[in-house]
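Student: Predicted coordinates and the sequence they were generated for:
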Amino acid sequence: MKDLVDALNKDKHYTEIVLAGGLFLVALYYNMLMDFIIYMLYFVIFLEITRTVINYIREKTVVLSIIVDAFIILTLRELIVNVVKINNENLNSLDDLLTSVLNWNIFIIAGVILFLLIVRYLSVKTSETYMLGKKKEQDYIKNNELS
């Protein structure tokens, strides 16, 4: 048993797998799988917002990618709620799909997720860390070519 605990402490992935598996089994036992997922997404949103506030207090800057991550997770939560919990419509034809208000809501949320993913990509590509890292890499290559 002690060897198992030591192995779990050395490799963090085993700890995550055991914890996720345990939560999954508890959610299945109580027949609340979607509720568990939704509450875990709330928790991740709370963590991201807390991380943003702490980062702002420490460094007096706001990291845009962290805020966009929180909005992506919040939008994914809304999509899950709309698709799984609320959506109980019968779709027999394309006309049924396009006339349903709930389905238009799902389409709009999916569009918002795509937009946020593009914003996330651009925020990472234009961040100071990425730009400075690329500049240092280019300077290193230039200096080695001159030698």
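Tutor: Thanks, I have it. The structure presented is a predicted model; accordingly, all values stated were derived computationally and were not measured.

Student: just the CA coordinates of stretch 75-83, formatted as CSV?
Tutor: Output in CSV follows, covering the C-alpha atoms of stretch 75-83 (Å, rounded to 0.1, in the frame of the first residue of the first chain):
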residue,chain,number,x,y,z
THR,A,75,-20.2,29.3,-22.6
LEU,A,76,-19.5,25.5,-22.8
ARG,A,77,-21.5,25.1,-19.6
GLU,A,78,-24.4,27.0,-21.2
LEU,A,79,-24.2,24.8,-24.2
ILE,A,80,-24.2,21.6,-22.1
VAL,A,81,-27.2,22.9,-20.2
ASN,A,82,-29.1,23.8,-23.4
VAL,A,83,-28.3,20.5,-25.2
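
Student: so who does the residue nearest the centre of the chain touch?
Tutor: Most central in the chain under CA atoms, centre = their mean is residue 73, positioned 4.8 Å from the mean C-alpha point. Contact analysis of residue 73 by CB atoms under 8 Å, 6 or more residues apart in numbering lists 41, 44, 45, 48. Every residue, glycine included, has its C-beta placed from N, CA and C.

Student: Give me the subset of the residues you listed that lies in helices.
Tutor: Assigned to helices by DSSP state H, the following of these qualify: 41, 44, 45, 48.

Student: tell me which of those residues is nearest to residue 99?
Tutor: Taking CB to CB as the measure, residue 41 is the one of the ones in helices among the contacts of residue 73 closest to residue 99, at 29.8 Å.

Student: The closest one - nearest residue in space that isn't next to it in sequence?
Tutor: Nearest-residue entry for residue 41: residue 77, 4.3 Å, with adjacent residues in sequence omitted and distances by CB to CB, 6 or more residues apart in numbering.
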